[in-house]
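S.K.: no sequence for this one, just the structure:
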């Protein structure tokens, strides 16, 4: 079922086009069959034209039902699904209101990863599209914090934010969301289970076709609560 919804969402425009073309031909066939049935004189001729009329009517009804079903699913069902229906990684927990809490396995993995000096990589940070306003590069953070920023890209699909030890490519997804955010709250991040040190925090945006845009990465330092 997940793959079915993903297919309908990915190829929505193509499905509409194919149904429209099929509907045009079926309606033309239906109109022609109806005219033949009206002018039929002999019983055998009228019977054959009646069968064609019934088949063309059935096909036209099926196409109309498929069109309505695609519209209903794409407009009402799919927008209400959690974002993890549209990603291939089953371990990510995409929810509408991110909690920002890592699993114990990920926390242990991050704690055991070597920490190097942080390096800023803001190439993916685009003002008014993908950016983190808090925390910013070099900020010291502790406890549970509220991440703020902007995720507003063309053909928006969803976003996620991840963490990795400084200098590491081992990224752990914290949480994600499916709503566009303009200079607002992106979600929470509970850092209490992490070993104090230098980390990288990145914000990733994915469009509705599954294309991953360059991430906005900021180095931060996690400190212990006093």
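M.R.: Everything's here; your move. Keep in mind that what you see is a predicted model, and the values were worked out from it rather than measured.
S.K.: now stretch 3-12: how far from the chain's centre is it?
M.R.: Here the centre of mass of C-alpha atoms in stretch 3-12, compared against the chain's by C-alpha atoms, centre = their mean, to the nearest Å, lies 11 Å away.
S.K.: got it, and stretch 26-34?
M.R.: Remark: stretch 26-34 is offset 40 Å from the chain centroid, using C-alpha atoms, centre = their mean.
S.K.: in that stretch, which residues are buried?
M.R.: Neighbour counts using 16 or more other C-beta atoms under 10 Å place 26, 29-30, 33 of stretch 26-34 among the buried residues. For glycine as for every other residue, the C-beta is placed from the backbone atoms N, C-alpha and C.
S.K.: now what about it, what contacts it?
M.R.: 49, 52-53, 55-57, 59-60, 63 (C-beta atoms under 8 Å, 6 or more residues apart in numbering).
S.K.: in strands, which of those residues appear?
M.R.: When DSSP state E is applied, these are split such that none fall in strands.
S.K.: give me the PyMOL select line for those, limited to the buried ones.
M.R.: If you want just the buried ones from those in PyMOL, going by 16+ other C-beta under 10 Å, the selection is:
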select buried, resi 49+52+53+56+59+60+63
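S.K.: just the pLDDT for the spatially closest residue to residue 190 that is not a sequence neighbour.
M.R.: Beyond its immediate neighbours in the sequence, the residue positioned closest to residue 190 (C-beta to C-beta, 6 or more residues apart in numbering) is residue 144, lying 4.4 Å away. Among the per-residue scores, residue 144 holds a pLDDT of 91.
S.K.: ok, now how distant is residue 144 from residue 219?
M.R.: 20 Å (C-beta to C-beta, to the nearest Å).
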